[in-house]
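Asks: what follows is a predicted protein model with its sequence.
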Amino acid sequence: VPKITRCLCWAHVRRKFVDILPKDTKDPEAAMASQGIAFCNQLFAIEKSLQNDSIDKRKEKRLKQEIPILEAFWAWADSLRRQVPPKSAIGEALNYAQNQKDGLMNYLKDGHCSISNNLAENSIRPFTIGRKNWLFSGSPKGAAASAAVYSLIETAKANGLSPYSYLEFLLQDLPGLPFRQYPKILEDYLPWNSQIQKRCKKNKT
């Protein structure tokens, strides 16, 4: 997709270190993996403290509080990579992080961005668990249809809408509009549009 900046996931980086953590605490790799986890935990702890901040304030605090941790992490990773075999468990975890470095740092560019894609993963988990039981997903067309519906539902939920009210409104209103000829019409039907917010807001009074 053109003009897109990819923000990669620090939860995946952390998971790489968690997965290789030896049960034997005396194993040299235990200390290395634990240090990688500790760096990630520091970042996530700061992110948690910024949840209620404005977008601009979140970016400002990230740059002030997280860059020193990130710089220490990359310095540690670079140093350790020169000491361990690249095919070792810790070597592969470090290589994974290093190969994704640019994408992992991109979340600092905008306060809207998230440090991980946990929210997206949690949103698709019901679909992932249930799809084995859904016969209509047994074909490429069925999968595309269910993906479209789930995208609408989860985006509505993420924007505080009642998914039922939103889908009902779309199905009633869109069929009569020439949106294929004039795609910009659809901007008025996106979940964050002010009129859609008024009409389909969850628990509106």
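Replies: Structure received.

Asks: would Gly91 count as being in a helix?
Replies: Yes - counting by DSSP: H, G, I helix; E, B strand; the rest coil, Gly91 falls inside a helix.

Asks: quick check: which element contains the closest residue to Asp110 other than its chain neighbours?
Replies: Nearest non-adjacent residue to Asp110, counting by Cβ to Cβ, 6 or more residues apart in numbering: Lys59, 6.6 Å away. Heads up, the C-betas are built off the backbone N, CA and C, glycines and all. Using DSSP states H and E, Lys59 sits in helix 55-65.

Asks: list the helices and strands the helix or strand following that helix packs on?
Replies: Counting by DSSP H and E, the element after helix 55-65 in chain order, helix or strand, is helix 67-81. Here helix 67-81 touches helix 28-49, helix 89-99, going by 3 or more Cβ pairs under 8 Å, 6 or more residues apart in numbering; DSSP states H and E.

Asks: same thing but 10 Å
Replies: Contact analysis of helix 67-81 by 3 or more Cβ pairs under 10 Å, 6 or more residues apart in numbering; DSSP states H and E lists helix 10-19, helix 28-49, helix 89-99, helix 101-105 as its packing neighbours.

Asks: could you find the residue nearest the spatial middle of this protein?
Replies: In the chain, the residue lying closest to the centroid (Cα atoms, centre = their mean) is Asn117, at 1.8 Å.

Asks: and that residue, what does it touch?
Replies: Neighbouring residues of Asn117 by Cβ atoms under 10 Å, 6 or more residues apart in numbering: Cys7, Leu8, Cys9, Trp10, Ala11, His12, Ser123, Ile124.

Asks: ok, now Ala89?
Replies: Contacts for Ala89 (Cβ under 10 Å, 6+ apart) come out as Lys16, Phe17, Asp19, Ile20, Leu21, Pro22, Glu29, Met32, Ala33.

Asks: I'd like the next helix or strand past the lowest-mean-pLDDT helix or strand in the chain.
Replies: In the chain, the helix or strand scored least confidently by mean pLDDT, DSSP states H and E is helix 118-130, which has a mean of 73. Next helix or strand after helix 118-130 toward the C-terminus (DSSP H and E): helix 140-158.
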